[in-house]
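# Return atomic coordinates for the entry below.
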Amino acid sequence: MIELTVATETDIEGLALLLLDATAAGASVGFLDDTTPESAMEWWRASIDDAAVVLVARDDGGIAGTVQLRPASMPNQRHRADIAKLLVHRRARRQGLGGMLMREIEDRASSAGFTLLTLDTKRGDAAESLYRRGGWTEVGVIPGYALNPDGSLCDTVVFYKALAVSSRRPSAD
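Coordinates of the predicted model:
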């Protein structure tokens, strides 16, 4: 049974372990092989404060996945947000958890009044096909955009998704 909740301070250690698992699996999620548990925890602490929503998925083994909704910061972009750090622990992959997290974060974005979402992912990763299946539109590929955890370059695919217009507008905070 999967439980989805909004992340809190008590989730920091579990989220750090999830990030380290993703990095160890070769995911290009902004961190390198030398990432320490302490630096991962520090990053998550800041992320929970900065993101509008950080969702956590729990299974019997603890935190199995996460995803973030990050509103655009400029006044003329209050209608849009970025989806970031969709991470699924290796033990929980290929069970539909990534899709579940994406549907929930998209629903929350729509309910908050966002009408456009963007994200990027490493070209060739499983997430690329997940986003396509979820109705996301590819904008293009940026060669050599980021580093893999081992320091080698990887290409990034940029996607967007238009959401149904909501009667609510995003807040100005």
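# Might you report the residue contacts of the closest residue to L119 other than its chain neighbours?
Take L119 and drop its neighbours on the chain: the residue closest to it by CB to CB, 6 or more residues apart in numbering is I83, 4.2 Å away. (C-beta placed from N, C-alpha, C; glycine too.) Residues counted as contacts of I83 (CB atoms under 8 Å, 6 or more residues apart in numbering) are V67, Q68, L69, R70, M102, I105, E106, A109, L117, T118, L119.
# Of these, just say which sits nearest to L32.
Closest approach to L32 among the contacts of I83 (CB to CB): Q68, at 19.9 Å.
# Tell me the secondary structure of that closest one, please.
Secondary structure for Q68, judged by DSSP: H, G, I helix; E, B strand; the rest coil, is strand.
# Show me what counts as buried in the lowest-mean-pLDDT helix or strand in the chain.
Every helix and strand of the chain was ranked by mean pLDDT, DSSP states H and E. The lowest is helix 37-50, at a mean of 93. For helix 37-50, a neighbour-count test (16 or more other CB atoms under 10 Å) marks A40, M41, W43, W44, S47, I48 as buried.
# Bridged to the residue nearest to L119, which residues?
Note on I83: beta-bridge partners by DSSP bridges are L69.
# For T35, pull up the helix or strand it's in.
Using DSSP states H and E, no element contains T35; it sits outside every helix and strand.
# ok, it - contacts?
L19, L20, T23, P149.
# elements contacting whichever helix or strand the third one is part of?
Under DSSP H and E, the secondary-structure element containing T23 is helix 12-24. Other helices and strands packing on helix 12-24, by 3 or more CB pairs under 8 Å, 6 or more residues apart in numbering; DSSP states H and E, are helix 37-50, strand 53-59, strand 62-71, strand 80-88.
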